[in-house]
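Chemist: Need a 3D model of the following:
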Amino acid sequence: MGARLARLLAECRLRAWGLPLDPAALVVAELAANAALHGSDRRTGFRLSLGVTDTTLRIEVSDSAGDRMPGAGLPAADAESGRGLLLVEALAERWGVTPGPPPGKTVWAEVPLPEL
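Modeler: Residues are numbered from 1 along each chain as shown. Prediction:
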């Protein structure tokens, strides 16, 4: 699955659940793009999971590159990329990485839901 398809599928699911698209769709896009670029190969791809509680949307993107852990460092001022996890950090209540199952990892983010 590509990052664009992951975002489109997430948007469909969020609409079906009656939830707002933003900022969740942007978080999905960033995590999926990172998995597609750095965390998987064409054979293994990545997996997107969405889960909802009363107050939180949990986004999980799993890939097969458990030896490559992400970090939200500051890129050089003139860098053309490298800011995705900074966006995730700004938009999500919290985010992190869970190792496994081998050889993979899951990068997750929790986005607060508006009170309905």
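Chemist: The helix or strand containing residue 32 packs against which elements?
Modeler: Per DSSP states H and E, residue 32 falls inside helix 24-34. On a contact count with 3 or more Cβ pairs under 8 Å, 6 or more residues apart in numbering; DSSP states H and E, helix 24-34 meets helix 3-17, strand 47-52, strand 56-63, helix 84-91, strand 105-112. C-betas here are computed from N, CA, C, even on glycine.
Chemist: quick one: buried residues of the helix-or-strand element of the chain with minimal mean pLDDT?
Modeler: Ranking every helix and strand in the chain by mean pLDDT, DSSP states H and E puts helix 84-91 at the bottom, with a mean of 89. The neighbour-count check on helix 84-91 (16 or more other Cβ atoms under 10 Å) flags 84, 85, 88, 91 as buried.
Chemist: Likewise for stretch 98-112?
Modeler: Using 16+ other Cβ under 10 Å as the test for burial, stretch 98-112 gives 104, 105, 106, 107, 108, 109, 110, 111.
Chemist: Count the neighbours of residue 55 for me.
Modeler: Around residue 55 there are 11 other residues, counting by other Cβ atoms under 10 Å.
Chemist: so who does it touch?
Modeler: Shown in contact with residue 55 (Cβ atoms under 8 Å, 6 or more residues apart in numbering): 112, 113.
Chemist: going forward, begin numbering at 49 instead of 1
Modeler: Okay, using 49 as the starting number, the last item reads as residue 103.
Chemist: ok, back up a step: after the least confident helix or strand of the chain comes which helix or strand?
Modeler: strand 142-147.
Chemist: Pairing partners for that next one, with directions?
Modeler: Within its sheet, and counting by DSSP bridges, strand 142-147 is paired with strand 153-160 (antiparallel).
Chemist: what about the strand it pairs with, distance to the chain center?
Modeler: 6 Å (Cα atoms, centre = their mean, to the nearest Å).
Chemist: Which pLDDT value goes with the residue positioned nearest the centre of the chain?
Modeler: Ranked by distance to the mean C-alpha position of the chain (Cα atoms, centre = their mean), the top residue is residue 79 at 2.8 Å. According to the prediction, residue 79 has pLDDT 95.
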